[in-house]
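K.L.:
Provide a 3D model corresponding to the input given below.
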Amino acid sequence: MLRNVGISRIILSKSRYYSPIMDIVRVLVLGTILISALAEPYPTSLQRQPIETNTSVRQSEMDANSTPVPGRRGVVETSVGGRSRRQRRNVFQLCRVIRKYTSNSCFDYNNYGCFCGLRSRGSHPVDDVDRCCLEHDHCFTSLRCTLLSFTTYSMKCSGSKCTCTTDSKTTSCRYRSCQCDIKFGECLQAARYNKRHKNFNTLRCH
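P.N.:
Below you'll find the model as predicted:
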């Protein structure tokens, strides 16, 4: 290869007159040099080394990533101090139960105390009505059911008393959600409504 380089230098430097033949010779010499260079093997340090994959590490990383994190998915647990963990439920049917048992509108209990309606603050109910709301939240959380806001049920009412007729299986989510609402209605029926606790200042909840 060095010999070829020397010849190319002589040809490229010694020619003083232009000639098409010299151009052809130059091209042939340079092509020979290029082919010789490409034919030589790379030094060992520049050769591409096979890439080793550590399957054990990757598998361990996958196992670590696939480990379920409590609280992110699945059943939502009760948190007395956190509104974000409360269960949703079918509001329309709940309003019907409240009307049957108390003759009041469900709006009368919205923002009542520390736990009724869309609020959940502190850990101590302000009165028995507020305690009913807290127990109702606990009841729905214990169901371990999903899509409770779309769960419907059937019930039969006589006077101010209702019974669930939605399902023969007492373990179903529909039946148990009905039972939670009826127990809530019975609790409100026995509790005394205090207008002063309507739109209660949650800063006073503790």
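
K.L.:
least trustworthy helix or strand in this structure by mean pLDDT?
P.N.:
helix 55-66 (a mean of 34; mean pLDDT, DSSP states H and E).

K.L.:
next secondary structure after that one?
P.N.:
Next along the chain after helix 55-66, taking DSSP states H and E as the criterion, comes helix 91-102.

K.L.:
buried residues in that next one?
P.N.:
Neighbour counts over helix 91-102 (16 or more other C-beta atoms under 10 Å) mark Gln93, Leu94, Cys95, Arg96, Val97, Ile98, Lys100, Tyr101, Thr102 as buried. (Each C-beta comes from the backbone N, C-alpha and C, glycine too.)

K.L.:
what sits up against that helix?
P.N.:
104-106, 109, 149, 152-153, 155, 157, 160, 162, 181-182, 184-186, 188-189, 193 (C-beta atoms under 8 Å, 6 or more residues apart in numbering).

K.L.:
ok, the nearest residue in space to Thr170 that is not next to it in sequence - how many residues close by?
P.N.:
With C-beta to C-beta, 6 or more residues apart in numbering as the criterion, Thr170 has its nearest non-adjacent residue at 7.5 Å, and that residue is Arg176. Applying other C-beta atoms under 10 Å, we find 22 other residues in the vicinity of Arg176.

K.L.:
contacts only, for Arg176.
P.N.:
Arg176 sits in contact with Leu143, Cys145, Thr170, where contact means C-beta under 8 Å, 6+ apart.
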